[in-house]
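Chemist: Quick one: sequence and predicted model below, then my questions.
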Amino acid sequence: MTKFDEATQAIRVDETTYDVCLDPGYSIGGPLNGGYLMAAILRAVVDASPYVHPVSTAAQFLRAPRPGPARVRLEPLKTGRTATMTRATLVQDDAAYIEALVTTATLGGAASEWAGAPAVAMPPVEECVALPDPKPMSNMTLNAQMRLLFDPPTIGWLTGEPSGRPESRAYFRMAEPQDPDPFVLALAVDALPPVVFSAGRRGWAPTVELTWHLRALPAPGWLILAGQGRLIRDGWFDEDVEVWDSEGNLVAQSRQLARLGRS
């Protein structure tokens with residue numbers, strides 16, 4: 001079991017209740033990363049489902065849970081011949097922190113009937129760059145759990161030269177050797193810095209709602225994350241992320257709605 005598998009482990013209490021222990025190693029300056037929290041929830045959902053892949057997840061982030069013990073409560077909604085729908089609630093101190101609707105199914109290895117190409121081509125891995133290590137007092141522990149190598153134009157905000165477009169692109173893999181799986185993809189779709197950084201806006205940008213789809217099982221190796229936004233207005237912004245595997249397959253898509261934080 002990898003560190004990530006352990007950090008997202010869900011222990012069955014009964015048919016609709018699972019215990020989880022939220023790991024402080026997935027913090028972004030205090031709050032835990034939303035993708036990590038979804039992965040922990042999905043462990044419980046998949047364990048309770050007759051199907052093994054979380055193909056669609058729509059999560060509402062009601063408040064930020066703290067590291068430590070929590071529970072996932074499940075409400076089965078429907079099971080059919082190809083999919084199961086479940087409502088999942090992350091609970092801490094008897095309060096709901098995340099509400100999610102999850103569809104599970106079983107994906108095969110069939111070739112795509114039709115597939116588009118990435119909107120933007122990434123440069124080779126060796127031409128991409130990592131962000132500087134965060135200062136210890138920043139409590140950015142998430143960085144140590146994964147490797148991100150960025151397309152240089154999308155991190156101009158580091159030197160005060162943002163591109164002016166809400167965008168972010170990077171190669172992604174876990175810091176510990178681990179082939180990507182659906183739970184790693186749940187983390188990956190929320191692993192990029194907020195795309196509004198490249199539009200000249202900085203600060204914590206809390207996610208309000210995040211929906212993501214598992215489109216195919218990823219091949220081993222680096223993943224490519226390509227994020228962009230379409231509108232920044234009235235203190236809100238959107239962020240779309242596509243995840244491509246090492247063989248050029250689109251394996252995940254996400255959209256989130258978030259608030260602009262204070263710089």
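Modeler: Perfect, thanks for sending it. Remember, it's a predicted structure, so these values are computed and weren't measured experimentally.
Chemist: alpha carbons only for contacts and neighbour counts from here, please
Modeler: Fine.
Chemist: just the strands in this structure please.
Modeler: Ranges of strands within the chain are 10-14, 17-22, 53-61, 68-79, 84-92, 95-105, 146-150, 167-174, 207-214, 223-228, 232-233, 236-244, 250-259, based on DSSP state E.
Chemist: name the helices or strands packed onto the helix or strand bottoming out on mean pLDDT in the chain?
Modeler: Across the helices and strands of the chain, mean confidence by mean pLDDT, DSSP states H and E is lowest for strand 232-233: a mean of 95. Counting contacts by 3 or more C-alpha pairs under 8 Å, 6 or more residues apart in numbering; DSSP states H and E, strand 232-233 packs against no other helix or strand.
Chemist: And the contacts of it?
Modeler: Among residues not part of strand 232-233, those counted as contacts by C-alpha atoms under 8 Å, 6 or more residues apart in numbering are 196, 238.
Chemist: Neighbouring strands - and their directions - for it?
Modeler: strand 236-244 (antiparallel) (DSSP bridges).
Chemist: Measure how the strand it pairs with sits relative to strand 167-174, angle-wise.
Modeler: Here the directions of strand 236-244 and strand 167-174 differ by 50 degrees (axes from the mean of the first three to the mean of the last three C-alpha atoms, to 10 degrees).
Chemist: From the chain's centroid, how far away is strand 236-244?
Modeler: 10 Å (C-alpha atoms, centre = their mean, to the nearest Å).
Chemist: ok, residue 259 to residue 229 distance?
Modeler: From residue 259 over to residue 229 the distance is 13 Å, taken as C-alpha to C-alpha, to the nearest Å.
Chemist: what touches both of those two?
Modeler: With C-alpha under 8 Å, 6+ apart as the test, residue 259 and residue 229 both reach residue 237.
Chemist: ok, residue 90 - contacts?
Modeler: 41, 70-73, 96-99.
Chemist: pLDDT value on residue 105, please?
Modeler: pLDDT recorded at residue 105 is 98.
Chemist: what's the first-to-last distance across stretch 5-22?
Modeler: End-to-end distance for stretch 5-22: 12 Å, by C-alpha to C-alpha.
Chemist: tell me the mean pLDDT over it?
Modeler: Averaging pLDDT along stretch 5-22 yields 98.
Chemist: The nearest residue to residue 104 once chain neighbours are set aside and residue 164: what is the separation?
Modeler: Leaving aside its sequence neighbours, residue 104 sits nearest to residue 54 (C-alpha to C-alpha, 6 or more residues apart in numbering; 4.4 Å). Residue 54 sits 35 Å away from residue 164, going by C-alpha to C-alpha.
Chemist: Comparing the two, which residue is more hemmed in?
Modeler: residue 54 (28 against 15; other C-alpha atoms under 10 Å).
Chemist: my guess is that one contacts residue 185, does it?
Modeler: No - taking contacts as C-alpha atoms under 8 Å, residue 54 lies outside contact range of residue 185: 10.4 Å.
Chemist: Brilliant, that's me finished.
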